Structure formats: structure tokens, C-alpha cells
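> let's see this in three dimensions:
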Amino acid sequence: MGIISWIVLGLLAGAVAKLLLPGRDPGGFIGTTVIGIAGAFVGGWISARYLDRPIADDFYDGATWVAAIGGSLVLLVAYRILFGHSRR
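Numbering: from 1, shown residues only. Reported below is the predicted structural model:
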């Protein structure tokens, strides 16, 4: 997959992560989108590096989607922990 595919996957993974973790985010829609893109890269890297599951070249591979959504969830939770109380 190319960089554009990872960005699209990240946008969709960020949206799914937001659906799985509803609530108010400190960064709003733009912040959640950026977290989704970064989460796709982080999830893919963790999957390939530590779980010994290289990411397939196919955009529709289930493991790729799970890794991207998982990475997005991890980054979204970390972002909420670090910056969630600063807007009150």
C-alpha cells in the first residue's frame, strides 16, 4: 500500500475509533482525524515489528484494518488522558 492508501485508511480508522470511544475530544474533528492517520501508521508498525504480522499490500486485508483501528484507539485514549482536562 502506498502513502495515500495509509492516509485514507487512517481517516477511516480514526472515524471508527471515534465511534468506539464516543465523547468530547480536546482536538475536535481535525484532531481525531490526525490521530486516526497517526494511529494507522503506529498500528501497522507495531503489527509488523512486535506481533510478527507484516501488513499486507491489500487495502481490504482484515489484519491491516484491525492494526490501524487499534493504533487509533491507543492514540485517542492517550490523547484524552494527556490533554482531556485542559479545556475545562
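> from what I can see Leu75 touches Ile37, true?
No: proximity of Leu75 to Ile37 does not meet the contact threshold set by CB atoms under 8 Å, at 9.7 Å. For every residue, glycine as well, the C-beta is placed using N, CA and C.
> okay, which residue is most central for the chain?
When CA atoms, centre = their mean is applied to the chain, the residue found nearest the centroid is Ser72 (2.2 Å).
> contacting residues for the closest residue to Ser72 other than its chain neighbours?
Spatial nearest neighbour of Ser72, excluding adjacent residues (CB to CB, 6 or more residues apart in numbering): Gly39 at 3.0 Å. Counting by CB atoms under 8 Å, 6 or more residues apart in numbering, Gly39 touches 10, 13-14, 17, 68-76.
> burial count for the closest residue to Leu21 other than its chain neighbours?
In this structure, Leu21 finds its nearest non-sequential neighbour in Leu76, 5.8 Å apart by CB to CB, 6+ apart. Applying the criterion other CB atoms under 10 Å, we find 24 residues in the vicinity of Leu76.
> cool, Thr33 as well?
17.
> so how far is Gly39 from it?
Thr33 sits 10 Å away from Gly39, going by CB to CB, to the nearest Å.
> also Gly70?
Using CB to CB, one gets 8 Å for the distance from Gly70 to Gly39.
> and the residue nearest to Leu21, what are its phi and psi?
In terms of degrees, to the nearest 10, the main-chain angles of Leu76 are phi -70, psi -40.
> for it, give me the pLDDT.
With respect to pLDDT, Leu76 scores 84.
> cool, and the one 3 residues further on?
On pLDDT, Tyr79 comes in at 83.
> residues in contact with the residue nearest to the centre of the chain?
Counting by CB under 8 Å, 6+ apart, Ser72 has contacts 10, 13-14, 16-17, 35-36, 38-40, 43.
> what are the buried residues along the host helix or strand of it?
Using DSSP states H and E, Ser72 sits in helix 62-83. Applying a neighbour-count criterion of 16 or more other CB atoms under 10 Å, the buried positions in helix 62-83 are 64-65, 67-76, 79-80.
> could you check how far the host helix or strand of Gly14 is from the centre of its chain?
Using DSSP H and E, Gly14 sits within helix 3-20. Per CA atoms, centre = their mean, to the nearest Å, the displacement of helix 3-20 from the mean C-alpha position of its chain is 6 Å.
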